[in-house]
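**Student:** would you be able to build a 3D model of this:
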Amino acid sequence: MTIAGTLSSALSGLTANARAAEIVASNIANAMTEGYGRREIVTISRQVGAIGQGVEVVGVYRHADQALIGDRRVAESTAGHHRSRSEFLQRLERALGTPGEEQSLNGRIAAFDTALIEASSRPESEARLSRLADTARALTGHLAEVSGEIQSARSLADDAIAADVRRLNSALTRVGEINSLIRANSGSGRDSSALMDQRQQVIDSISAIVPVREVLRDNGQVALVTAQGATLVDGAVSQIGFAPAGRITPAMTRDSGALSGLTLNGKPIAVSGDGSPIAGGSLAGHFMVRDDLAPAAQAQVDAVARELVERFSAPGLDPTRAPGAPGLFTDAGAAFDPASEAGLSQRLRLNAAVDPDEGGALWRLRDGLGATEPGAAGDARLLHDWQSALTGLQTPASASFMAGERSLASLAADLLSGIAADRLTAEGEASYAEARAQSLRGMELTGGVDSDQEVQTLLLIEQNYAANAKVVKAVDEMLQLLLGI
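**Tutor:** The predicted structure follows:
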């Protein structure tokens, strides 16, 4: 080898080792950076003609276990899906209250029952009749509050859907932009590792909303496809459409057109079921709360309200009540129509005839809703009948509950126990998914940058750099000696 060839080889070695040191320093600095893929310099033997002459840096390889990253993304999106369900059920359970609490639904029913017993023992006592009216209003008010919480949860879910769609469209656009930059770098030979780190972080945020698979394309680009096969990015970037509703009422549903679904590039897509393109992430979880869980809970609360109305408007219970007139509990002041059960709990009112605040008289609780004047002060027959209507066993008329005779208190207890069981199931599923995501994230970090290994690599680079520097120095001494002859 000539002196010039020796010098050229040594200089290429210095250049390659300097680049390698830069890569190692970047690895160590980003050892704890989320989404960072460990870099490794790629070199080949440089050929000048048919003669090997030094080393050539041909690129930087970014290490990333795509299978592990994909599993971690699925676990995180599953956790978000179950978390949406769990949080709604927790909120509903708090609104209903737990058994034994005075402010719970069961506590309100028990207080109403106690007030009926006390009033029937002293029917002439205006204070006890007033207490009875107060507990009846508290019961209707509690059912209305629970219904309000359910509809508020639906409105919040609708807002969360809108926010997810905004973030999703923005992230998809960003992936398309990064793909273009990586393609441009590939054509010019520049390193795209940092751009790939950014893209991985953006795809992680997308996967939390909608689970996606990452498919490699030419020139370092990727396509994003949902688990059910809908293409979100593949050269062109798809657009998700959604129209938020604002305030939601019990009668509003997606099937009726009052609530928006999703569109993909202008075409409607399914938002629930196994075939839904968005199944599994937070977006599907919000749709589940808005369109499935909350309406089902509303139907059960309305069923309790219906049971209350019908128990106290049973034929023959109050002889003074005119045919077709409302009973002790009304649908916004009118008689209840079984065809209008949806939202009944929000419209439930104490009959104005017994409510002094509405111009009624308390003595009608004792003498009858249609009584025109007070009867015998000691007559407790109707109050006894009211109490029997509350505690008697009968089969719920609404299809929201399983058939079987029970009291109103037992019906309310069934409602709460069912919600509590669903909440525990959802929490368990969310905890499992979160634990799995944490485990996979730990495995991902373990397979990432190993600081000890990087330091050892840096020591080898230092030795190689020093060896190449000695060759340069030796060549320099040789040239100086030749020049001095």
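**Student:** list the contacts for the most centrally placed residue in the chain?
**Tutor:** Among the residues of the chain, the one closest to the centroid is residue 84, at 3.4 Å (CA atoms, centre = their mean). Contact partners of residue 84, counting by CB atoms under 8 Å, 6 or more residues apart in numbering, are 157, 160, 282, 285-286, 288-289. C-beta coordinates here come from the backbone N, C-alpha and C atoms, glycine included.
**Student:** and if you look at residue 227?
**Tutor:** 211-213, 279-280.
**Student:** roughly how far does it sit from residue 76?
**Tutor:** Counting by CB to CB, to the nearest Å, the separation of residue 227 from residue 76 is 14 Å.
**Student:** ditto for residue 321
**Tutor:** 59 Å.
**Student:** between these two, which one's more packed in?
**Tutor:** Between residue 321 and residue 76, counting by other CB atoms under 10 Å, residue 76 is the more crowded of the two (23 against 20).
**Student:** what about the nearest residue to that one once chain neighbours are set aside, which helix or strand?
**Tutor:** Leaving aside its chain neighbours, residue 76 sits nearest to residue 437 (4.6 Å; criterion: CB to CB, 6 or more residues apart in numbering). Here residue 437 is covered by helix 408-446, with elements defined by DSSP states H and E.
**Student:** how about residue 44?
**Tutor:** Here residue 44 is assigned to strand 39-48, by DSSP H and E.
**Student:** contacts for that strand?
**Tutor:** Taking CB under 8 Å, 6+ apart as the rule, strand 39-48 contacts 5, 8, 12, 16, 19-20, 23, 26-27, 52-63, 193.
**Student:** which helices and strands sit right next to the helix or strand immediately after it in the chain?
**Tutor:** Downstream of strand 39-48, the first helix or strand assigned by DSSP H and E is strand 51-62. Contacts defined by 3 or more CB pairs under 8 Å, 6 or more residues apart in numbering; DSSP states H and E place strand 51-62 against helix 3-29, strand 39-48, helix 193-209.
**Student:** how far is the longest one from where the chain is centred?
**Tutor:** Okay, so that is helix 3-29. 50 Å (CA atoms, centre = their mean, to the nearest Å).
**Student:** any buried residues in that helix, and which?
**Tutor:** 6-10, 12-14, 16-17, 19-21, 23-24, 26-27 (16 or more other CB atoms under 10 Å).
**Student:** ok, now the second one?
**Tutor:** For strand 39-48, the buried set under the neighbour-count rule, 16+ other CB under 10 Å, comprises 39-41, 43, 46.
**Student:** list the neighbouring strands of it plus their orientation.
**Tutor:** Taking DSSP bridges as the criterion, strand 39-48 forms sheet pairs with strand 51-62 (antiparallel).
**Student:** go through the partner strand and flag the buried ones.
**Tutor:** So for strand 51-62, counting by 16+ other CB under 10 Å, buried means 53-55, 57, 59-60, 62.
**Student:** as JSON lines, those with distance to residue 232 would be great.
**Tutor:** Below are the buried residues of strand 51-62 laid out as JSON lines (distance: CB to CB, whole Å):
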{"residue": "53", "distance to residue 232": "48"}
{"residue": "54", "distance to residue 232": "46"}
{"residue": "55", "distance to residue 232": "42"}
{"residue": "57", "distance to residue 232": "35"}
{"residue": "59", "distance to residue 232": "29"}
{"residue": "60", "distance to residue 232": "28"}
{"residue": "62", "distance to residue 232": "23"}
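**Student:** pLDDT weak spots in the stretch 251-400 of the chain?
**Tutor:** Residue ranges of the stretch 251-400 of the chain with pLDDT under 70: none are present.
**Student:** burial count for residue 77?
**Tutor:** 27.
**Student:** list the contacts of it.
**Tutor:** 207-211, 280-282.
**Student:** could you redo the last one with a cut-off of 6 Å?
**Tutor:** Listed by CB atoms under 6 Å, 6 or more residues apart in numbering, the contact partners of residue 77 are 207-208, 211, 280-281.
**Student:** any idea how far it lies from residue 256?
**Tutor:** For residue 77 relative to residue 256 (CB to CB), the value is 30 Å.
**Student:** cool, and residue 483?
**Tutor:** For residue 483 relative to residue 256 (CB to CB), the value is 94 Å.
**Student:** quick one: the helices in the protein?
**Tutor:** If DSSP state H is used as the criterion, the helices of the chain fall at 3-29, 66-96, 105-121, 126-188, 193-209, 282-288, 294-311, 344-347, 364-367, 381-391, 408-446, 451-484.
**Student:** export the ones you listed to JSON lines and tack on distance to residue 325?
**Tutor:** JSON lines is the format used below for the helices of the chain (distance: least, CB to CB, whole Å):
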{"stretch": "helix 3-29", "distance to residue 325": "80"}
{"stretch": "helix 66-96", "distance to residue 325": "31"}
{"stretch": "helix 105-121", "distance to residue 325": "21"}
{"stretch": "helix 126-188", "distance to residue 325": "17"}
{"stretch": "helix 193-209", "distance to residue 325": "53"}
{"stretch": "helix 282-288", "distance to residue 325": "41"}
{"stretch": "helix 294-311", "distance to residue 325": "13"}
{"stretch": "helix 344-347", "distance to residue 325": "17"}
{"stretch": "helix 364-367", "distance to residue 325": "12"}
{"stretch": "helix 381-391", "distance to residue 325": "15"}
{"stretch": "helix 408-446", "distance to residue 325": "22"}
{"stretch": "helix 451-484", "distance to residue 325": "81"}
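**Student:** nearest to residue 267, out of these?
**Tutor:** helix 126-188 (15.1 Å; CB to CB).
**Student:** right, and residue 202 touches residue 172 too?
**Tutor:** No: under the criterion of CB atoms under 6 Å, residue 202 makes no contact with residue 172, lying 8.7 Å away.
**Student:** residues contacting residue 237?
**Tutor:** 172-173, 176.
**Student:** excluding residues flanking it in the chain, which one is nearest residue 123?
**Tutor:** Residue 123's closest residue in space is residue 380 (CB to CB, 6+ apart), at 4.2 Å.
**Student:** and the one you found, its phi and psi?
**Tutor:** phi -110, psi 10 (degrees, to the nearest 10).
**Student:** you'd agree residue 123 is up against residue 367?
**Tutor:** No: using CB under 6 Å, residue 123 is not in contact with residue 367, being 9.1 Å away.
**Student:** that older thread, which one, of the helices of the chain, ends up nearest to residue 223?
**Tutor:** Nearest of the helices of the chain (CB to CB): helix 126-188, 8.9 Å.
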